[in-house]
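S.K.: what follows is a predicted structure for the sequence shown.
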Amino acid sequence: MEAPQKSDLVTQRKIRLEKIGELKKLGINPYPSKSYKEYSNQEVIDKFDEFEGKEVTLAGRITAWREHGELIFGDIRDQSGKIQVMIRKEEIEENLKKGYLGSEHLYLLDLADFIEVKGVVGKTKRGEISLMVKNIRLLVKTLRPIPRELKKKEQQFRRRYLDLVVHPEKRKMFERKAKFWQVQRDFLQNEGFMEVEVPVMETITGGADAKPFITHHNALNQDFYLRISTELYQKRLIGAGFEKIYVFGPNFRNEGMDDEHLQEFSDIEWYWAYATYKDNMDLVKRLFREVVKEVYGKTKFETRGHTFDFADEWKEIDYVETMKERFNIDIFNVTDKELLKIVEKNNIELDGDVSRGRLIDNLWKLVRSKISGPAFLVNHPKFVSPLAKSHDDNEELTERFQVIIAGSELGNGYSEINDPVDQLDRFLEQQSMRDSGDDEAQMLDIDFVEMLEYGMPPASGYGQSERIFWFLEDVTAREGIFFPQLRVEVENTTKKIYKDKVKFPEEKKEKKQ
């Protein structure tokens, strides 16, 4: 292998293309379809006593290459980690028909290439576990070198495939994320819940206050919405006779993007017939404790300037009483004008349409930001809970709860409305708000009301998104997913390389406000 070139990327790419030409002249396919890899690198290291002296075949990306005369030391990395390979040039067995490179062909390899190596597991004089290589086979000839670092977050997000190579420790976070979801699904399965599927495209969307994305169905010649929640279809299934169901998958909300919100996010939501919100609160507590124990092996966390312990007793915070203590107001009797004055006094910026519910909700967020939790917010007023059942002894309050952790709402559940008249009245109120210009208010779903007229048993539902994972990891929303949405941009070097073959569209610049 030649020393890394200091030339520009276009020149380095040209050199690697020339090497591909030389490989093909030797009869070597630089992109074979089959690999004979037997074990992961970490498995060989962890079970060295079992593997020592045995011949194995490993594979991975070349991340280091150090030549010392007739002796070469290199590192190859697979998903599990890296392992050192030691090559004595005189011991390399050449067999071009099998794709095995001879020592005189090693200059055709470059850092970042994927190779397959067969040899005997052992240790070097310094005691490092290594593979003493007999055969080297090229699996992938790369055209571009891997950069040493990606400093800018924007570049990390745009080229996540490079980010995870340059910063392999980040892969561990996404492995934890996979386990984070798997533990929840296993927990629900063990509690007797069944996973179901519901539409992603809906003619009427609901289940949350959010602006939906709109798409068009050509065959039906009709506009559809991407779902903002799975709630209304799951409750249709409860009406159909299922008693414990859940959905795991993406939801879409066409609204602001910040460190805690994305337009596309994963969510798990369940519905439980013959249960109340109190039953669900107990289930949620047990779920959180199971998740943090299985994924992190601890219950205490620090994030966003808050410290909290899931093993602690979860407090119940009364919505109405807390607002009275903090702002000295009765939210059922205070006027909109008085609310607006309090909002302005606290320097709260209002987005979108200003309704009574939104004014109160923004004041509540100011209170919430100081609560570390874990806690449940309870006794929400009816006017901010269009889908939650009212208390039997107080029509103005609902049987709803929200999970409060680190100053944020990270889960939402309630006892479900199954009175079709009550539900229609609330839908009509929401639809009136939409007709007045509030594009986040919920739509009137008359088909759902019709379902309720056939009967849906008492039930409780709950949903939580991957925001919980971002909080547990103390990362931003964009850091916590593989591929966040970004404005289209093509890198200048790529434009230069492909300018004669590809017509690149003009990139739209963000308009200045």
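M.R.: Great, that's in hand. Residues are numbered from 1 along each chain as shown.
S.K.: if you skip the residues just before and after it, what's nearest to residue 41?
M.R.: Leaving aside its chain neighbours, residue 41 sits nearest to residue 83 (4.0 Å; criterion: C-beta to C-beta, 6 or more residues apart in numbering). The C-beta positions use only the backbone N, C-alpha and C, and glycine is treated the same way.
S.K.: does the one you found belong to a helix, a strand or coil?
M.R.: strand (DSSP: H, G, I helix; E, B strand; the rest coil).
S.K.: contacting residues for it?
M.R.: Taking C-beta atoms under 8 Å, 6 or more residues apart in numbering, we find residue 83 in contact with 41-42, 44-45, 58, 60, 75-76, 129-131.
S.K.: relative to residue 219, how far out is it?
M.R.: Distance of residue 83 to residue 219, given as C-beta to C-beta, to the nearest Å: 53 Å.
S.K.: can you check residue 426 too?
M.R.: 34 Å.
S.K.: quick one: which of the two has more around it?
M.R.: residue 426 (20 against 5; other C-beta atoms under 10 Å).
S.K.: the closest residue to residue 13 other than its chain neighbours - how many residues pack around it?
M.R.: Nearest non-adjacent residue to residue 13, counting by C-beta to C-beta, 6+ apart: residue 143, 5.1 Å away. For residue 143, the neighbour count with other C-beta under 10 Å is 17.
S.K.: give me the phi and psi angles of residue 143.
M.R.: Torsion angles at residue 143 (phi, psi; degrees, to the nearest 10) stand at phi -100, psi -20.
S.K.: where does it land on pLDDT?
M.R.: We have a pLDDT of 96 for residue 143.
S.K.: contacting residues around it?
M.R.: 13, 16-17 are the contacts of residue 143 under C-beta under 8 Å, 6+ apart.
S.K.: for PyMOL, write the select line for the buried members of these.
M.R.: Applied in PyMOL, the following selects the buried portion of the contacts of residue 143 according to 16 or more other C-beta atoms under 10 Å:
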select buried, resi 13+16
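S.K.: now the contacts of residue 143 in a markdown table, with secondary structure?
M.R.: Formatted as a markdown table, these follow (three-state DSSP):
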| residue | secondary structure |
| --- | --- |
| 13 | helix |
| 16 | helix |
| 17 | helix |
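S.K.: quick one: which of the contacts of residue 143 is nearest residue 443?
M.R.: Proximity of the contacts of residue 143 to residue 443 (C-beta to C-beta) peaks at residue 13, which lies at 52.3 Å.
S.K.: my guess is the closest one contacts residue 494, does it?
M.R.: No. If you go by C-beta atoms under 8 Å, residue 13 and residue 494 don't touch, sitting 10.5 Å apart.
S.K.: which other helices and strands contact the helix or strand containing residue 343?
M.R.: Under the criterion DSSP states H and E, the helix or strand holding residue 343 is helix 336-345. Judged by 3 or more C-beta pairs under 8 Å, 6 or more residues apart in numbering; DSSP states H and E, the packing partners of helix 336-345 are helix 356-368.
S.K.: tell me which other helices or strands the helix it packs on touches.
M.R.: Counting contacts by 3+ C-beta pairs under 8 Å, 6+ apart, helix 356-368 is packed against helix 319-327, helix 336-345.
S.K.: and for residue 49, the neighbour number?
M.R.: 6.
S.K.: do you know the pLDDT at it?
M.R.: Model confidence at residue 49, given as pLDDT, is 96.
S.K.: what does residue 334 give?
M.R.: 86.
S.K.: now it, what's its secondary structure?
M.R.: Strictly by three-state DSSP, residue 334 counts as coil.
S.K.: show residues contacting stretch 195-213.
M.R.: Contact with stretch 195-213 is made by 185, 188-189, 215, 217, 222, 224-234, 237, 242, 245-250, 252-255, 263, 387, 439-445, 447-448, as judged by C-beta under 8 Å, 6+ apart.
S.K.: mind listing what's buried in stretch 488-503?
M.R.: For stretch 488-503, the neighbour count (16+ other C-beta under 10 Å) marks residue 497 as buried.
S.K.: thinking again about what came up before, using PDB, write down the CA coordinates of the helix holding residue 343.
M.R.: What follows is helix 336-345, C-alpha atoms only, in PDB (Å, rounded to 0.1, in the frame of the first residue of the first chain):
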ATOM      1  CA  ASP A 336     -58.000  35.700  27.500                       C
ATOM      2  CA  LYS A 337     -56.900  39.300  28.000                       C
ATOM      3  CA  GLU A 338     -55.500  38.500  31.400                       C
ATOM      4  CA  LEU A 339     -53.800  35.400  30.100                       C
ATOM      5  CA  LEU A 340     -52.200  37.400  27.300                       C
ATOM      6  CA  LYS A 341     -50.800  39.900  29.800                       C
ATOM      7  CA  ILE A 342     -49.200  37.100  31.900                       C
ATOM      8  CA  VAL A 343     -47.800  35.500  28.700                       C
ATOM      9  CA  GLU A 344     -46.300  38.900  27.600                       C
ATOM     10  CA  LYS A 345     -45.000  39.500  31.200                       C
END
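S.K.: buried residues in it?
M.R.: 339, 342-343.
S.K.: quick one: neighbours of residue 250, just the number.
M.R.: Residue 250: 14 neighbours (other C-beta under 10 Å).
S.K.: if I look at it, how far off is residue 163?
M.R.: Here residue 250 is placed at a distance of 22 Å from residue 163 (C-beta to C-beta).
S.K.: likewise for residue 482?
M.R.: If you measure residue 482 against residue 163 using C-beta to C-beta, the figure is 10 Å.
S.K.: more neighbours, those two?
M.R.: Counted by other C-beta under 10 Å, residue 482 and residue 163 do not tie: residue 163 has more neighbours, with 21 against 12.
S.K.: my guess is the more buried one contacts residue 150. True?
M.R.: Yes. Between residue 163 and residue 150 there is a contact at 5.6 Å, judged by C-beta under 8 Å.
S.K.: moving C-terminal of the longest strand seen in the chain, what's the next helix or strand?
M.R.: Scanning the chain for the strand with the most residues, using DSSP state E, yields strand 55-68. Sequence-wise, the next helix or strand downstream of strand 55-68 (DSSP H and E) is strand 71-78.
S.K.: elements contacting that next one?
M.R.: By 3+ C-beta pairs under 8 Å, 6+ apart, strand 71-78 packs against helix 41-46, strand 55-68, strand 81-88.
S.K.: what packs against the shortest one?
M.R.: Which is helix 41-46. Using 3+ C-beta pairs under 8 Å, 6+ apart as the contact test, the elements touching helix 41-46 are strand 55-68, strand 71-78, strand 81-88, strand 129-140.
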